[in-house]
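Engineer: Below: sequence and its predicted model.
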There are 2 protein chains.
Amino acid sequence: MNLKQLSELLGLSQTTVSRALNGYPEVNEATRERVLQAVKETGYRPNKAAQRLATGKAGSIGLVMPTAPGHQSDVHFGEFLAGLGEEAVRHDFHFVIMPADPDDEVAALRRLAISGNVDALFVAYMRGHDPRLAMLKSLSMPYVVHGRSFGAEPDYPYLDIDNEGAFYDATRLLLQLGHTRFALMNGPTHLDFAIRRRNGVIAALAERGLTLEEDCVSHALMTDEQGLLAMERFLQLPQRPTAILCSSTVMALGAIRAVNQAGLRLGEDISLIAHDDVLPLLKPESFSVPLTTTRSSLRAAGARIAQRLIGTVKQAGPFPEQELWKTELIVRASTGPAPS
Amino acid sequence: MNLKQLSELLGLSQTTVSRALNGYPEVNEATRERVLQAVKETGYRPNKAAQRLATGKAGSIGLVMPTAPGHQSDVHFGEFLAGLGEEAVRHDFHFVIMPADPDDEVAALRRLAISGNVDALFVAYMRGHDPRLAMLKSLSMPYVVHGRSFGAEPDYPYLDIDNEGAFYDATRLLLQLGHTRFALMNGPTHLDFAIRRRNGVIAALAERGLTLEEDCVSHALMTDEQGLLAMERFLQLPQRPTAILCSSTVMALGAIRAVNQAGLRLGEDISLIAHDDVLPLLKPESFSVPLTTTRSSLRAAGARIAQRLIGTVKQAGPFPEQELWKTELIVRASTGPAPS
DNA sequence: TACATAATTGAAAGCGCTTTGGATGCCATT
DNA sequence: AATGGCATCCAAAGCGCTTTCAATTATGTA
């Protein structure tokens, strides 16, 4: 069933049917009703490819999924996608996902953009001085960046959380509890959020005249394995840190295992604060020692970005170009006063 | 730059340029060279929407992502997607993801199919007597089902793992270790794999004249929370089970917490075997008590399905219609002889 | 009553590609 | 010289939609 057949069936022109379907005001309400009724009965669906060719709009937003054989797939990606989806489903948008080697992200993003398959782009996994920004600006296609790019002029549309503030606050809390020996389990060095979180910690420590020693910082993939390894390393330090900041609840999982294996008690011997993206299968509140976290929902961020992206494509009013979300600092049992 | 402009530039017809680009044999090699050269110089890219409208082929495979506000996003989905992606990236295919309310999956799948945006469908989260099968058959679009539909004639293309066999073998192992009181922590009742796994357990028990008591079975979302709750319930039973089968390592996480909290020792007081989809952030081998599992990589399954789907679209030879993968039973420390 | 105006509808021209159904010219055969 | 086959190429007809421009009818105004 296509437009032509439908219009013949109704004894109307394609023009009128098309208008009725797309909510144009110049069609008689009675006619529109008739058309809508026929659509319901026949199950007619406009062919998207044709629609796209005619309008230039695809009703879809594109994103690059970093993937490669052996490449760790990322829980955060799925969660974020769920957020995007939640919003997209309300506007009959869909996603076009271009899988790409992580080393090939710039090219993949360009391919996606000029493929003509998408109306807007979503960009994540931002790095410091991210090379994709220049490319995006040259593209004349709407986009929103999740995160920011440290070192780049902040003149691009983004939604980010206040990573520096989050870790600054977390560190301050630990300082107030009397801790003086700190360690940071962070994500990969080149990623923007890792840079900012580190800065947050350093800034808070500096106010007390403390510094973050090089051997008290780990940069690694945010897996529980890496968490275990990093924590084991920390615990073997001659001057063992008592306060640990951690970039992910996934990593914290491994870290906690290391603490337990060392026979230490979380919240007493070791205080731990992790950043919580509100992942579905990791509830810090139900850890055996509930985990103090800086919290910000990845999923909510996804939904908001979808909203901005779709709104822009549909020309539905202006959106703020830059948004910086505060995180919540939620104190639970994994933090306590420094052991004397 | 479009085909018309390019062909004018070259002094050729659109026909010839199109053929040169698409590898048709009836164009002079010299001409083809000239065209390819011009493409390189002008950066011409064919408009996908037009291509699609003309050919009906989109170079993409479609899938429905169950999502709704408040709906738990699923780690397995992301991992599976990574597998699909790994293969798709090699063939310049992409995905079109249609987010949909879980209650609306049949309709969503149909929308996706007739949208003209996809060449093939991937279908997951199969249920017993799944209503989507009939719809898919009527569709004349290639598809592959991940899993099967219990109770339906197995005449559709699928890739599944031998869920029944996996849990049968796991149960037998526990029986050999002397266990007699079993419990099963399963996924939602209506899902196909849950049905088959349960059957596997029941079959193995039956051989020894044992039965699976109703209060020793839990059907729930496969989250760590539900795992915790289910295990707590099991442990409070008057005749406490000593052998637990679990449908997911995520769930096992919570279950293990419950065991620890009850002051029991995993692998001694309680033996546990879980099914391992090889999720990136849950390594059963590095649990504090390494976990005995039935293993089958979700990601590998994704890649294989992508291969079949893309191959079918490209008419690249026939693929087996039905595949049933064996799982591996990997024995680690979470299983031990029944306590006396 | 005559005319301007608003409300509705349609014909047809694209959108950028693929593909059918010829053309055209060239060569080897009869 | 007439024939057929082959290698190349092209004009034009779609694919299924949107949108411009125009036509038609109904309504209101002086």
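Structural biologist: Nice, thanks for sending it over.
Engineer: Could you use CA atoms for every contact and neighbour count after this?
Structural biologist: Fine.
Engineer: List the beta-bridge partners for A:Tyr143.
Structural biologist: With DSSP bridges applied, A:Tyr143 shows beta-bridge pairing to A:Leu121.
Engineer: you'd agree it is up against A:Arg132?
Structural biologist: No - with contact defined as CA atoms under 8 Å, A:Tyr143 does not count as touching A:Arg132 (11.4 Å).
Engineer: More neighbours: which of the two?
Structural biologist: Each of A:Tyr143 and A:Arg132 has its neighbours counted (other CA atoms under 10 Å in any protein chain shown); A:Tyr143 has more, 26 against 17.
Engineer: what's that one in contact with, if anything?
Structural biologist: Applying CA atoms under 8 Å, 6 or more residues apart in numbering or on different chains to A:Tyr143 gives the contacts A:Ala120, A:Leu121, A:Phe122, A:Val123, A:Leu136, A:Pro157, A:Leu309.
Engineer: Show me the two of those residues that sit farthest apart.
Structural biologist: Using CA to CA, the pair of these lying farthest apart is A:Leu136 and A:Leu309, separated by 14.2 Å.
Engineer: Please say which of these two ends up with more neighbours.
Structural biologist: A:Leu309 (24 against 21).
Engineer: Closest residue of the stretch 201-340 of chain A to DNA strand C?
Structural biologist: Proximity of the stretch 201-340 of chain A to DNA strand C (CA to the nearest atom of the strand) peaks at A:Val313, 18.4 Å away.
Engineer: I'd like to know how many residues surround the nearest residue to that residue once chain neighbours are set aside.
Structural biologist: Spatial nearest neighbour of A:Val313, chain neighbours left out: A:Asp119 (6.7 Å); criterion: CA to CA, 6 or more residues apart in numbering or on different chains. Residues lying near A:Asp119 (other CA under 10 Å) number 21.
Engineer: Over to A:Tyr125?
Structural biologist: By other CA under 10 Å, neighbour count at A:Tyr125 equals 19.
Engineer: OK, contacts around it?
Structural biologist: A:His146, A:Gly147, A:Leu191.
Engineer: Now the second one. Its backbone dihedrals?
Structural biologist: For A:Gly147, the backbone dihedrals are phi 100, psi -170 (criterion: degrees, to the nearest 10).
Engineer: Let me know the helix or strand that the closest residue to it other than its chain neighbours is in.
Structural biologist: What sits nearest to A:Gly147 in space, not counting adjacent residues and going by CA to CA, 6+ apart, is A:Asp160, at 4.3 Å. Assigned by DSSP states H and E, A:Asp160 belongs to strand A:158-161.
Engineer: which other residues reach that strand?
Structural biologist: A:144-148, A:296, A:301, A:305, A:321-327.
Engineer: swap in stretch A:206-224?
Structural biologist: A:180, A:182-189, A:201-202, A:205, A:226, A:230, A:234, A:241, A:247-248, A:250-255, B:280-282.
Engineer: measure it end to end?
Structural biologist: 30 Å (CA to CA, to the nearest Å).
Engineer: What residues sit buried inside that stretch?
Structural biologist: Under the neighbour-count criterion of 16 or more other CA atoms under 10 Å in any protein chain shown, stretch A:206-224 has A:Thr211, A:Leu212, A:Cys216, A:Val217, A:Ser218, A:His219, A:Ala220, A:Leu221, A:Met222, A:Thr223, A:Asp224 buried.
Engineer: quick one: the third one from A:Val201, how far?
Structural biologist: Taking CA to CA as the measure, A:Cys216 falls 12 Å from A:Val201.
Engineer: From A:Phe122, how far off is A:Pro280?
Structural biologist: According to CA to CA, A:Pro280 stands 22 Å off from A:Phe122.
Engineer: Please read the previous query as pertaining to A:Leu329.
Structural biologist: Separation of A:Leu329 from A:Phe122 (CA to CA) stands at 28 Å.
Engineer: same deal with A:Val313?
Structural biologist: 13 Å.
Engineer: A:Cys246 now?
Structural biologist: Going from A:Cys246 to A:Phe122 by CA to CA gives 27 Å.
Engineer: Which one's more surrounded, the two?
Structural biologist: More neighbours surround A:Cys246 than the other of A:Cys246 and A:Phe122, with 28 against 21 (other CA under 10 Å).
Engineer: What pLDDT is listed against the more buried one?
Structural biologist: If you check A:Cys246, the pLDDT there is 98.
Engineer: wait, what's in contact with it?
Structural biologist: Counting by CA under 8 Å, 6+ apart, A:Cys246 makes contact with A:Leu184, A:Met185, A:Asn186, A:Ala252, A:Leu272, A:Ile273, A:Ala274, A:His275.
Engineer: In terms of helix, strand or coil, where does the closest residue to the fifth one other than its chain neighbours fall?
Structural biologist: Right, A:Leu272. Sequence neighbours aside, A:Ile244 is the residue nearest to A:Leu272 in space, at 4.8 Å (criterion: CA to CA, 6+ apart). Judged by DSSP: H, G, I helix; E, B strand; the rest coil, the three-state class of A:Ile244 is strand.
Engineer: Let me see the contact set for A:Ile244.
Structural biologist: Applying CA under 8 Å, 6+ apart, we find A:Ile244 in contact with A:Phe182, A:Ala183, A:Leu184, A:Met185, A:Ile270, A:Ser271, A:Leu272, A:Ile273.
Engineer: Could you tell me which of these belong to strands?
Structural biologist: Among the contacts of A:Ile244, DSSP state E puts A:Phe182, A:Ala183, A:Leu184, A:Met185, A:Ser271, A:Leu272, A:Ile273 in strands.
Engineer: top of the residues you listed by neighbour count?
Structural biologist: Neighbour counts for these (other CA under 10 Å) peak at A:Ile273, which has 31 neighbours.
Engineer: Please look at it and A:Thr294 and confirm they touch.
Structural biologist: Yes - when contacts are counted by CA under 8 Å, A:Ile273 is listed as touching A:Thr294 (7.3 Å).
Engineer: just for the stretch 201-340 of chain A, where's the confidence low?
Structural biologist: A:281 (pLDDT under 70).
Engineer: One more pass at 90, please.
Structural biologist: Scanning the stretch 201-340 of chain A for pLDDT under 90 picks out the ranges A:221-225, A:250, A:253, A:257, A:279-283, A:286-288, A:311-321, A:340.
Engineer: For whatever residue of the stretch 101-250 of chain A ends up closest to DNA strand C, list the residues it contacts.
Structural biologist: Residue nearest to DNA strand C within the stretch 101-250 of chain A (CA to the nearest atom of the strand): A:Gly116, separated by 9.5 Å. Going by CA under 8 Å, 6+ apart, A:Gly116 touches A:Ala58, B:Asn47, B:Lys48, B:Ala49.
Engineer: switch to 6 Å and redo it
Structural biologist: B:Lys48 (CA atoms under 6 Å, 6 or more residues apart in numbering or on different chains).
Engineer: cool, and the one 3 residues further on?
Structural biologist: Counting by CA under 6 Å, 6+ apart, A:Asp119 makes contact with A:Ala58, A:Ser60, A:Ile61.
Engineer: and of those, the nearest to B:Gly83?
Structural biologist: B:Gly83 lies nearest to A:Ile61 out of the contacts of A:Asp119, by CA to CA, at 21.3 Å.
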